[in-house]
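*Asks:* Predicted structure and sequence below. I'll ask about it afterward.
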Amino acid sequence: TNTNLFAIMVHVLGESIRHAGHADILREGLDGRTGLRPEHEKPIDEETRAGYRAKIEQAARSAAPIKA
């Protein structure tokens, strides 16, 4: 296949952005901070986060049930 530099650059940029987002989610879970700088931080609403997680888990379970 023919691949050009632009396609490679777009792919690398997309992957970098996705993985940076994953790292930020992990950091938030570890230190409880939501911003890069103190002036941009917002408190994490644990109740809302737990509800959202339950909603996502339920959707995943109903989409692909585990058969035991």
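*Replies:* That came in fine, so what should we check first?

*Asks:* Compute the first-to-last residue distance for stretch 24-39.
*Replies:* Start-to-end span of stretch 24-39 (Cα to Cα, to the nearest Å) is 17 Å.

*Asks:* buried sites along it?
*Replies:* R33 (16 or more other Cβ atoms under 10 Å). Where C-beta positions appear, they are placed from N, C-alpha and C, glycine not excepted.

*Asks:* avg pLDDT for it?
*Replies:* Here stretch 24-39 scores 73 as its mean pLDDT.

*Asks:* cool, stretch 47-58 as well?
*Replies:* On average, stretch 47-58 scores 87.

*Asks:* Give me the distance between it and the centre of its chain.
*Replies:* The chain centre lies 14 Å from the centre of stretch 47-58; the measure is Cα atoms, centre = their mean, to the nearest Å.

*Asks:* what sits up against it?
*Replies:* Applying Cβ atoms under 8 Å, 6 or more residues apart in numbering, stretch 47-58 has no contact partners.

*Asks:* Please identify the buried residues of it?
*Replies:* Buried residues in stretch 47-58 (16+ other Cβ under 10 Å): none.

*Asks:* mind saving the C-alpha coords of it as PDB?
*Replies:* What follows is stretch 47-58 as a C-alpha-only set of coordinates in PDB (Å, rounded to 0.1, in the frame of the first residue of the first chain):
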ATOM      1  CA  GLU A  47     -21.800  10.400  43.400                       C
ATOM      2  CA  THR A  48     -22.200  11.500  39.800                       C
ATOM      3  CA  ARG A  49     -19.100   9.500  38.800                       C
ATOM      4  CA  ALA A  50     -20.400   6.400  40.500                       C
ATOM      5  CA  GLY A  51     -23.800   6.700  38.800                       C
ATOM      6  CA  TYR A  52     -22.200   7.200  35.400                       C
ATOM      7  CA  ARG A  53     -19.900   4.200  35.900                       C
ATOM      8  CA  ALA A  54     -22.900   2.100  36.800                       C
ATOM      9  CA  LYS A  55     -24.700   3.300  33.700                       C
ATOM     10  CA  ILE A  56     -21.700   2.400  31.400                       C
ATOM     11  CA  GLU A  57     -21.200  -1.000  33.100                       C
ATOM     12  CA  GLN A  58     -24.900  -1.800  32.600                       C
END
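
*Asks:* This completes my enquiry, with thanks.
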